[in-house]
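K.L.:
here is my input; please provide its structure:
(2 chains)
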2 protein chains.
Amino acid sequence: MADYRKMWEDLGMDVENHDLLCSVLPGAIGDVFLSQENRPEAMDYFDMVLADVHGLRPAELVEFKKNGGKVFGTFCTYVPDEIIFAGNGIATGLCAGSQFWVPGGERYLPANTCPLIKAMLGARFDRTCPFYRLADIYIGENTCDGKKKAYEILGTDVQMHIMDLPQMKRPKDIEKWADECHDLLEMVEKETGNKITPEKLAENIKKINAKRAALKRLYDLRKNKNVPISGTDTLLISQIAYYDDPERFTTMVNKLCDELEKRVADGVSVFPAGTKRIMISGTPMAIPNWKMHNLIETSGAAVVCEETCTGTRYFENFVDESGENLDEMVSNIADRYMKINCACFTPNSGRFDDIIRLAKEYDVDAVIDVNLKFCQTYDIEGYLLEDKLKEAGIPVLGIETDYTDSDAQQLKTRIEAFIEVLG
Amino acid sequence: MADYRKMWEDLGMDVENHDLLCSVLPGAIGDVFLSQENRPEAMDYFDMVLADVHGLRPAELVEFKKNGGKVFGTFCTYVPDEIIFAGNGIATGLCAGSQFWVPGGERYLPANTCPLIKAMLGARFDRTCPFYRLADIYIGENTCDGKKKAYEILGTDVQMHIMDLPQMKRPKDIEKWADECHDLLEMVEKETGNKITPEKLAENIKKINAKRAALKRLYDLRKNKNVPISGTDTLLISQIAYYDDPERFTTMVNKLCDELEKRVADGVSVFPAGTKRIMISGTPMAIPNWKMHNLIETSGAAVVCEETCTGTRYFENFVDESGENLDEMVSNIADRYMKINCACFTPNSGRFDDIIRLAKEYDVDAVIDVNLKFCQTYDIEGYLLEDKLKEAGIPVLGIETDYTDSDAQQLKTRIEAFIEVLG
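P.N.:
Numbers count the residues shown, from 1 in each chain, chains lettered A, B, ... in the order given. The predicted structure follows:
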């Protein structure tokens, strides 16, 4: 890690405090990832990205910025990367998944705010994340109350561009979102100084669709009876999707899929025959939040699908590539993103349909619905969701948790009991 | 109260459970209102409405419905009553301010939801509020995450009409809100079977403006050095504003103001000279939530203004009466409602300006910023608000509370200490 100290200092980071964060990472990687048996070889790339998560990609962004490039920080699956890359900008995820950043956020936010939002503000104001330092402009989106209001506090320290996501999905709401996407396009043009041509946008629609196709290929492989990759490993890949160069990422996921396809053909699984198949639904799991996957997969079950923003919500539905001018393309982009079923929408019955469909597609034995503490939208939606799953005959366990380890033992006991009951 | 039992039974209420709620009301009225000294005589009307809050007005609504009238339940200052009354409908507030309803709501909602929202669901599902039984259609509005998602659960039991409030205030957002107001108008026409003519809408714009003018007159009187009415009494009036017949209410408020003007002319105050003047800012206080006013005014201070939905946000800004056709009128209505500065908007700097302006207008010594527990928008906004007030040299005390009495003694101690420091 020592190689990057100079870069972190140049980025104005609190390097000493940041060392504390770096020092726990190797142990966590060993415990959560390297301890798994029979991992695919192509996980090497993702392990390497993770091991130097605050070094490798930030160094690339530093180089990019030296040549005048603009970096746009995003917090949500609703922000269309296509538009940012079409302006020769780079989009990078800023969602924060470590308890390390939470106390810093609590200096600005009420304690009863979700840990993801608290970590966002902690990572910024404590200056302990290079991505937060590197992003020139943060793109906020009005999804939940917590983020919407936290963006105002971030806005005292960094340039923000806010997209007003409608909260319903009538045709006029989709039009409104297309209009917000147009505003984003204009902002990206202005900030980068680059014109977004139809050719450039078409090219980047294809590029991001290819990334989605690679992830879909990976997820489809998990539908097999012999599951060729753990949920924990897949989660890491989904997390890295938010940070990595899209083309390289797509290549590396496809390379992994080649290996996994061979595993499937050879009948190789990372889980013993008869292992219960679990789908996780709920709130996003930002890097390095691997808590639930680790608990479930060390309790004798397999996570075979995530109906989350670090899962199917990220890659399902492709942007229609038939748009012939900017307006049509932006409209197609808006259509695609408005198909994501986040609990911030009302009604959000599409999400119930998704979960029931995915449960069948992935042949799951049960759903574990995981909500970050104080996430009101998913928490309240859980009431109707549990009803729908019961109607569909799908066992469900509802869990509320945060980034601390204090509830880990209790959760493990509940998960083990739940899996046992599945018979 | 016995006269109304038959009506409550006919409304399908749980009358026995409801008796428990009724039984505590007289004591509360005595403690909070009748114990005050030198109350204006014209408070008699409001005392009467309160004493029979679940009888008098519900009986009128029952009569109205016998003749085919439609009652529309509302939860928010953003829903334009003008449109409902223009369709010969009646709008009635459904916001719930009693702890009595909270446990019922907790059967459907996470415990860490704001008490107002929990009480809403409890009042509906426990069948212990006649207004919830009488409203044919509930009008929800996407203000906060908690209400937005709770409306989905209400929607399993009652017809809902949802208005999608934008979360920003750019010109295009105001247009979007006008479009939502148009949808409301069409829904009211459909449900009532009555055509909303320009004449009818113009008449009701004037009627609701007159109600605002009466409340403004009442509030302006509180700006005097000799405060002619307590904050506790004014809060009750603001709460009744959501339920009462608008014309009668306007008449009774104006009658009260006649008396208060005489008091001002005579130098009569309900508070001793030198009493510290407090403005409350923050979340709405639905009937019968008088907790903070009672605590503050029994601690030796006067509440002279409320920057809340049961205060200035309800009546400030009038609808422009110059509209000549339905489109212009609806547009003017949308303009007026979008001037309300709720913490659900981002940015919401207009609210900081409001509070600082009101602090001057009402010559307050300090602001007490009161947030209902788990109300994320106001709670997070409080961080920037406190900064702005400090910059403006206005002392501020931030309080988070719910509908229980368990924190009353602790709050009283804090309030007394705060008032003492004001010197």
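K.L.:
where does the prediction get shaky in the stretch 51-200 of chain A?
P.N.:
Applying pLDDT under 70 to the stretch 51-200 of chain A flags no residue at all.
K.L.:
for it, which residue gets nearest to chain B?
P.N.:
A:Lys149 (3.7 Å; Cβ to the nearest Cβ). Quick note: C-beta positions are derived from backbone N, CA and C, even for glycine.
K.L.:
quick check, that residue in contact with B:Glu381.
P.N.:
Yes. With contact defined as Cβ atoms under 8 Å, A:Lys149 and B:Glu381 form a contacting pair (5.9 Å).
K.L.:
so how far is A:Asn226 from A:Glu261?
P.N.:
Counting by Cβ to Cβ, to the nearest Å, the gap from A:Glu261 to A:Asn226 is 12 Å.
K.L.:
and A:Lys373, by the same measure?
P.N.:
To A:Asn226, A:Lys373 is 36 Å away according to Cβ to Cβ.
K.L.:
so which of those two has more stuff around it?
P.N.:
Set A:Lys373 next to A:Asn226 and count neighbours by other Cβ atoms under 10 Å in any protein chain shown: A:Lys373 wins out with 19 against 15.
K.L.:
for that one, list the residues it contacts.
P.N.:
For A:Lys373, the contact set (Cβ atoms under 8 Å, 6 or more residues apart in numbering or on different chains) comprises A:Cys114, A:Pro115, A:Glu400, A:Thr401, A:Asp402.
K.L.:
which of those are close to chain B?
P.N.:
Near chain B, judged by Cβ under 8 Å from any Cβ of the partner chain, the entries from the contacts of A:Lys373 are A:Glu400.
K.L.:
okay, and the common contacts of A:Lys149 and B:Glu381?
P.N.:
The contact sets of A:Lys149 and B:Glu381 overlap at B:Ala343 (Cβ under 8 Å, 6+ apart).
K.L.:
helix or strand next in line after the longest helix seen in chain A, which one?
P.N.:
Identified as the longest helix of chain A according to DSSP state H is helix A:198-221. The C-terminal neighbour of helix A:198-221 among helices and strands, as given by DSSP states H and E, is helix A:231-240.
K.L.:
dump that following helix to CSV, keeping only the CA atoms.
P.N.:
This file holds the C-alpha atoms of helix A:231-240, laid out as CSV (Å, rounded to 0.1, in the frame of the first residue of the first chain):
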residue,chain,number,x,y,z
GLY,A,231,-22.8,-15.4,-3.5
THR,A,232,-20.0,-13.7,-1.6
ASP,A,233,-17.7,-13.7,-4.7
THR,A,234,-20.6,-12.5,-6.9
LEU,A,235,-21.4,-9.7,-4.5
LEU,A,236,-17.8,-8.4,-4.7
ILE,A,237,-18.0,-8.4,-8.5
SER,A,238,-21.3,-6.4,-8.3
GLN,A,239,-19.7,-3.9,-6.0
ILE,A,240,-16.6,-3.5,-8.2
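K.L.:
chain center to it: distance?
P.N.:
9 Å (Cα atoms, centre = their mean, to the nearest Å).
K.L.:
that one vs helix A:198-221, what angle?
P.N.:
Angle, helix A:231-240 to helix A:198-221, by axes from the mean of the first three to the mean of the last three Cα atoms, to 10 degrees: 170 degrees.
K.L.:
which parts of the stretch 301-423 of chain A sit against chain B?
P.N.:
A:343-344, A:346-348, A:374, A:376-377, A:379-381, A:383-384, A:400.
K.L.:
from those residues, which is closest to A:Val303?
P.N.:
When those are compared for distance to A:Val303 (Cβ to Cβ), A:Glu400 wins out at 18.0 Å.
K.L.:
can you verify the closest one is assigned to a strand?
P.N.:
Yes. According to DSSP: H, G, I helix; E, B strand; the rest coil, A:Glu400 belongs to a strand.
K.L.:
run a quick neighbour tally on it.
P.N.:
A:Glu400 has 20 neighbours, counted by other Cβ under 10 Å.
K.L.:
so which of the residues of the stretch 301-423 of chain A next to chain B belong to helices?
P.N.:
Short answer: these in helices (DSSP H) are A:Gln376, A:Thr377, A:Asp379, A:Ile380, A:Glu381, A:Tyr383, A:Leu384.
K.L.:
filter the residues you listed down to the buried ones, PyMOL style.
P.N.:
Buried residues among these (16 or more other Cβ atoms under 10 Å in any protein chain shown), as a PyMOL selection:
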select buried, chain A and resi 376+377+379+380+381+383+384
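K.L.:
TSV please, covering the ones in helices among the residues of the stretch 301-423 of chain A next to chain B and showing pLDDT.
P.N.:
Output for these, formatted as TSV (pLDDT from 0 to 100):
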residue	pLDDT
A:Gln376	97
A:Thr377	98
A:Asp379	98
A:Ile380	98
A:Glu381	98
A:Tyr383	97
A:Leu384	98
